[in-house]
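Student: next comes the sequence, and after it the predicted model I'd like to discuss.
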Amino acid sequence: GGDARLSDEAFQMSVRVLHGVAMRLRALDGGDGLNVPAVVLAPLSRVWVAVGEQRRLQVALTRMLSELMTPALLLSSTEAICHLITAAVTEQVCVEAASPASGAMSLVLLDTVAELWLKLIRAAATLSPALLHLLPRAVAMVTVHKGPREPMLRVLEAYLLLATPDVVASSVGAMSEAIQGAAHQMTTLELRCALYVCEVSTVLGPPDGWQQWAPLLLTGAEEVFYKNTNDALSAAWFSCVAAMTWRANSAAPLMQLIAHVNACRDALQCGAAARALLTDDHVTERWVESWDSLISLERRRLTCVALFALLGAGFTAAAARVVVMVSFASEVAGEETDTPDTPPRALTALQTARSQLACATYNGLPGGLATLVHTEIQKGREALRGALGDGAAAALDEQLSRVDP
């Protein structure tokens, strides 16, 4: 007993010494800590091996590293950090973390690793081989009951944003299966982060790629339409709808999704009185109402483009709301041309990737958003006339006459 206690105390002292050395180096470097990786990482790795399966000490080592490493240091030490994450996120740790009786410290270890991992991938400019090697472990961590799902879902979203098309194609299946298997255990915030993964996957994938996310979209629809969930979750769900509408450039995916929700509504976990049929008009109205909850310009841009794609396809529920849709387009155009008073801050690789995804919706179109709006209005007019007659086209024009020039 004495030897074990002495060993534990010695390891704790090693952690404190490493932390003190690293903090001193950062102070000497003027806060940059450029010498921290070379001096600290090698002994830290040796201490990690020596502590064996003592989860409390593994937590201390991981937390120390997370606190010390700046984005620049993380970037220069990616491979070493990835090795530590590999050593921490083992099958045994995940099994322990899922056990309420004995997994408390393993759960804390996963929480601490998730924090470090999120910092690492947010600092990355590309997916290095070491980061790619970790992707299956990130997927596995999402399935751990009461595990760090929110940060790990954000990690998965970052992987998709930084990945090449072949990596996206090969990894989305495992991601969707893991996420959807845990969807009914998720908090509202976790479900929102899961929908963001779905959104990015849908934008980057094939036009029908949204279908592999149908169970998650059904869970989201239950929250949005039958449980009156918060506005942020509604905005995330409609961001997925916008992505699949834009990729298909038609109303077909939305119609299929509405039919799917209606077909499954008896199985939804809500009161019988709430399980009313969804209609095109109801869904579109809620979509338009979610606009103010779309915080980022990228998601407002994508939503705007998707709504006009519905109009161009002759979707009557969109035609009935063309006035507010034009105001959305005007708002987006105003944000894009607004010149800030201060120089824009430098964008991270993830922010750049998100911006590029959203701009791809109409970047190659001469005239940009204005041309897209006029084109879709003309297409919508002809589609409505062909499907419903001259009266439907006239009704659209009557709506457009209310638009402030």
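Tutor: Nice, thanks for sending it over.
Student: I figured L278 hits V261, correct?
Tutor: Yes - counting by Cβ atoms under 8 Å, V261 is a contact partner of L278 at 5.5 Å. Any C-beta I mention is one placed from the backbone N, CA and C, and that applies to glycine too.
Student: joint contacts of those two?
Tutor: Both L278 and V261 are contacted by A221, F225, under the criterion Cβ atoms under 8 Å, 6 or more residues apart in numbering.
Student: going by neighbour count, list what's buried in stretch 373-381.
Tutor: The neighbour-count check on stretch 373-381 (16 or more other Cβ atoms under 10 Å) flags V373, E376, I377, K379, G380, R381 as buried.
Student: format these as TSV; extra columns: secondary structure, pLDDT and distance to V322.
Tutor: Converted to TSV, those look like this (DSSP: H, G, I helix; E, B strand; the rest coil; pLDDT from 0 to 100; distance: Cβ to Cβ, whole Å):
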residue	secondary structure	pLDDT	distance to V322
V373	helix	93	10
E376	helix	94	10
I377	helix	95	7
K379	helix	95	13
G380	helix	95	8
R381	helix	95	10
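Student: tally of neighbours for A333?
Tutor: For A333, the count of nearby residues is 16 (other Cβ atoms under 10 Å).
Student: just say helix, strand or coil for it.
Tutor: A333 carries the three-state label helix when classified by DSSP: H, G, I helix; E, B strand; the rest coil.
Student: let me know whether it touches A370 as I believe.
Tutor: Yes - using Cβ under 8 Å, A333 makes contact with A370 at a distance of 6.9 Å.
Student: closest to H282 out of the buried residues of stretch 373-381?
Tutor: Distance ranking of the buried residues of stretch 373-381 against H282, using Cβ to Cβ, places G380 first at 20.2 Å.
Student: contacting residues for the closest one?
Tutor: By Cβ under 8 Å, 6+ apart, the contact list for G380 reads L311, G312, A313, G314, F315, A318, A319, V322, L396.
Student: and if we set it to 6 Å?
Tutor: L311, G312, G314 (Cβ atoms under 6 Å, 6 or more residues apart in numbering).
Student: element containing the first one, please.
Tutor: I take that to be L311. helix 297-312 (DSSP states H and E).
Student: tell me what that helix is packed against?
Tutor: Applying 3 or more Cβ pairs under 6 Å, 6 or more residues apart in numbering; DSSP states H and E, one finds that helix 297-312 makes contact with helix 231-248, helix 316-319, helix 322-337, helix 349-359, helix 368-388.
Student: check which helices and strands the first one is in contact with.
Tutor: So that's helix 231-248. On a contact count with 3+ Cβ pairs under 6 Å, 6+ apart, helix 231-248 meets helix 188-204, helix 297-312.
Student: the shortest one vs helix 231-248, what angle?
Tutor: In this case it means helix 297-312. For helix 297-312 against helix 231-248, the angle by axes from the mean of the first three to the mean of the last three Cα atoms, to 10 degrees is 60 degrees.
Student: quick one, helix 297-312 and helix 188-204 angle?
Tutor: For helix 297-312 against helix 188-204, the angle by the same axes, to 10 degrees is 60 degrees.
Student: low-scoring stretches of the stretch 1-150 of the chain, by residue?
Tutor: Scanning the stretch 1-150 of the chain with the threshold set as pLDDT under 70 gives 1-44, 102.
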